[in-house]
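Novice: next comes the sequence, and after it the predicted model I'd like to discuss.
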Amino acid sequence: MTSSSTPSPTPSGAPTSRRPLRRLTARGRDEAHRVASPLELFFDLCFVVAIAQAGVQLVHAVAESHAGEGILNYAMVFFAIWWAWMNFSWFASAYDNDDVLYRVVTLVQIAGVLVLAAGVSRAFEDHEFLFVWLGYLIMRLAMVAQWLRVARSSEGAERTTALRYAGGVLLCQVGWLGLFLDESARPWVFLVMAILEMCVPRYAEKDFATSWHPHHISERYGLFTIIVLGETIAAATIAVKTGADENDALGELLPIATGGLLIIFSAWWIYFAVPIHGHLRSNKQAFLWGYGHYLIFASAAAIGAGLEVAVEQTVGKAHISTLAASAAVTLPTALYLLTVWALHSRHFKVGIAQQLVLPTTALLVILCTFLGDWAVLAAGIVSALAVATGVTLTARTATRESKEATAVV
């Protein structure tokens with residue numbers, strides 16, 4: 001991840017040597033046809049295992065009327081998953097040489113997230129964060145090893161940046177030991193350490209900007225969004241199937257299933273409505289865009305958890321009101337819409353009408369919370385109408401511009 005304002009010149013070609021061990025040197029931003037590698041795709045799929053575990057525990061917490069505690073634990077666990085994923089993704093965009101050692105260290109990071117996933121239930125139910133911390137430690141030590149490889153293969157300001165990254169990550173990992181202090185202090189430890197973690201890239205790259213590839217980065221984030229939305233669909237589908245099989249309540253669950261699909265389909269459409277890599281022209285823009293995806297990923301996963309809660313409340317398994325169950329779907333949906341608008345859509349909208357589509361939709365989705373058993377279906381319909389409205393306004397703008405261009409000619 002970068003925060004400096006001026007990119008440094010870097011080699012433009014992809015690694016061509018097939019030796020088992022190669023120097024870990026920077027790749028170029030002008031590299032043609034840069035796409036996600038099979039290892040990166042495998043990495044993403046394994047990380048979603050941990051996200052799924054966090055979602056399951058969030059469902060249990062909300063369904064048992066412990067929403068506040070559940071959301072806090074979800075935010076902390078999700079930060080560990082997201083931050084490790086993001087650090088790897090930006091590092092890989094700049095330095096992936098795909099040699100044997102790079103692959104092995106990446107597989108170690110995958111092992112770390114699986115250890116973290118194994119400890120998610122303990123973190124939620126028993127407030128025991130040992131496995132979460134240990135899994136995070138494995139992932140972060142692997143990242144330190146990668147940065148030390150860069151330091152060994154570089155010199156000057158680039159080497160200093162790599163060493164700053166390695167040192168910053170290690171110091172932060174020590175700070176996370178504060179999670180084992182008094183339980184009442186844990187939220188504050190998390191807040192302080194999360195801020196310090198996000199300051200590491202700014203400090204490390206103040207004199208040298210690592211080279212990331214705009215198209216590659218936007219594709220990586222887009223693919224992870226797809227995977228998270230896919231996990232959301234899977235979780236919601238299983239919940240609806242289980243509820244229908246065990247309680248013979250297909251009629252009551254059909255509005256939730258329909259509304260949930262419309263929400264998720266709309267979420268996909270809205271995210272990919274514009275090619276965002278064209279916006280990532282500077283390191284400052286990419287910095288804000290990359291960090292903001294914490295809310296996109298977390299809210300997208302939380303939509304699936306909310307749909308599960310709505311199903312459990314409908315069949316009588318959740319000890320919460322219909323209003324609370326509806327809010328579990330509508331609030332993360334509204335957050336997703338607002339965040340995608342802030343990070344993506346507003347940069348490409350023309351005129352006040354287009355700019356207001358997603359903020360207005362988010363407000364209407366929140367109002368759907370108060371529609372009782374029809375809240376999820378109404379939110380889905382509103383989301384779908386937002387897509388239709390956006391497509392219509394964009395088409396009208398394109399038609400008008402085409403006519404104006406013809407008139408000029």
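Specialist: That came through fine.
Novice: so what's the residue count around residue 239?
Specialist: With neighbours defined by other C-beta atoms under 10 Å, the count for residue 239 comes to 26. Glycine gets a C-beta too; all of them are placed from N, C-alpha and C.
Novice: quick one: the helix or strand hosting residue 70 to chain centroid distance?
Specialist: Secondary structure assignment for residue 70, by DSSP states H and E: helix 67-95. Taking the mean of its C-alpha atoms, helix 67-95 sits 8 Å from the chain's own mean (C-alpha atoms, centre = their mean, to the nearest Å).
Novice: now do stretch 186-205
Specialist: The answer for stretch 186-205 is 18 Å, by C-alpha atoms, centre = their mean.
Novice: same deal with stretch 159-175?
Specialist: 23 Å.
Novice: buried stuff in it?
Specialist: Within stretch 159-175, the residues that count as buried by 16 or more other C-beta atoms under 10 Å are 160-166, 168-169, 172-173.
Novice: among these, name the ones in helices.
Specialist: Judged by DSSP state H, helices contain the following of those: 160-166, 168-169, 172-173.
Novice: which other helices and strands does the helix or strand bottoming out on mean pLDDT in the chain contact?
Specialist: In the chain, the helix or strand scored least confidently by mean pLDDT, DSSP states H and E is helix 375-408, which has a mean of 82. Under the contact criterion of 3 or more C-beta pairs under 8 Å, 6 or more residues apart in numbering; DSSP states H and E, helix 375-408 touches helix 250-271, helix 322-343, helix 351-367.
Novice: can you tell which of the ones you listed is closest to residue 287?
Specialist: Taking C-beta to C-beta, helix 322-343 is the member of the helices and strands packed on helix 375-408 nearest to residue 287, at 11.8 Å.
Novice: for the stretch 51-200 of the chain, give me the ranges with low pLDDT.
Specialist: For the stretch 51-200 of the chain, no stretch is flagged by pLDDT under 70.
Novice: neighbours around residue 251, how many?
Specialist: Going by other C-beta under 10 Å, the residues that sit close to residue 251 add up to 8.
Novice: can you tell me which residues contact it?
Specialist: Going by C-beta atoms under 8 Å, 6 or more residues apart in numbering, residue 251 touches no other residue.
Novice: tell me the spacing between it and residue 389.
Specialist: 31 Å (C-beta to C-beta, to the nearest Å).
Novice: how much space between the residue sitting nearest the centre point of the chain and residue 81?
Specialist: For the chain, residue 297 is the residue whose C-alpha lies nearest the centre (C-alpha atoms, centre = their mean; 2.9 Å). With distances taken as C-beta to C-beta, residue 297 is found 9 Å from residue 81.
Novice: same question for residue 321.
Specialist: Distance from residue 321 to residue 81, by C-beta to C-beta: 30 Å.
Novice: for these two, indicate the residue with more neighbours.
Specialist: Shown here are residue 321 and residue 81; by other C-beta under 10 Å, residue 81 has more neighbours (27 against 12).
Novice: isn't the more buried one up against residue 114?
Specialist: No - assessed by C-beta atoms under 8 Å, residue 81 is found out of contact with residue 114, at 11.2 Å.
Novice: overlap in contacts, these two.
Specialist: residue 50.
Novice: would you mark the buried spots in the helix or strand where the residue nearest to the centre of the chain lies?
Specialist: Following DSSP H and E, one finds residue 297 within helix 283-314. Residues 283, 286-287, 289-291, 293-314 are the ones in helix 283-314 that count as buried (16+ other C-beta under 10 Å).
Novice: could you do stretch 368-382 as well?
Specialist: 368-369, 371, 375-382.
Novice: with stretch 112-126 instead?
Specialist: 112-121, 123-124.
Novice: again, but for stretch 62-81
Specialist: 62-63, 66-67, 70, 73-81.
Novice: equivalent analysis for stretch 346-353, please.
Specialist: Here stretch 346-353 shows residue 349 as buried, counting by 16+ other C-beta under 10 Å.
Novice: roughly how far out does that stretch sit from the chain middle?
Specialist: 24 Å.
Novice: surely residue 222 is in contact with residue 273?
Specialist: No - contact criterion C-beta under 8 Å: residue 222 and residue 273 do not qualify, at 11.6 Å.
Novice: one step back: relative to helix 322-343, how tilted is the helix holding residue 297?
Specialist: 160 degrees (axes from the mean of the first three to the mean of the last three C-alpha atoms, to 10 degrees).
Novice: now for helix 283-314, which elements pack on it?
Specialist: Against helix 283-314 (3+ C-beta pairs under 8 Å, 6+ apart) you get helix 38-63, helix 67-95, helix 186-204, helix 214-247, helix 250-271, helix 322-343.
Novice: now the angle from that helix to helix 186-204?
Specialist: Using the same axes, to 10 degrees: helix 283-314 against helix 186-204 is 150 degrees.
Novice: now helix 283-314 against helix 375-408, angle please.
Specialist: 140 degrees.
Novice: how close does the closest residue to residue 332 other than its chain neighbours sit to residue 258?
Specialist: Excluding its sequence neighbours, the residue lying closest to residue 332 (C-beta to C-beta, 6 or more residues apart in numbering) is residue 302, at 3.8 Å. As judged by C-beta to C-beta, residue 302 and residue 258 stand 20 Å apart.
Novice: do the same with residue 390
Specialist: Residue 390 is 21 Å from residue 258, by C-beta to C-beta.
Novice: between these two, which one's more packed in?
Specialist: The neighbour comparison of residue 390 against residue 258 (other C-beta under 10 Å) goes to residue 390, with 21 against 14.
Novice: for residue 345, see how far away the more buried one is.
Specialist: Residue 390 is 8 Å from residue 345, by C-beta to C-beta.
Novice: hmm, back to that, can you redo the helices and strands packed on helix 375-408 as TSV with mean pLDDT and distance to residue 132?
Specialist: Formatted as TSV, those follow (pLDDT from 0 to 100; distance: least, C-beta to C-beta, whole Å):
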stretch	mean pLDDT	distance to residue 132
helix 250-271	91	27
helix 322-343	94	22
helix 351-367	91	31
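Novice: deepest of these, which one?
Specialist: The highest average neighbour count among those, using mean count of other C-beta atoms under 10 Å, belongs to helix 322-343 at a mean of 24.
Novice: please, which helix or strand holds the residue lying closest to residue 100 once chain neighbours are set aside?
Specialist: Counting by C-beta to C-beta, 6+ apart, residue 100 lies nearest to residue 20, which is 4.3 Å off, once chain neighbours are set aside. For residue 20, there is no host helix or strand (DSSP H and E).
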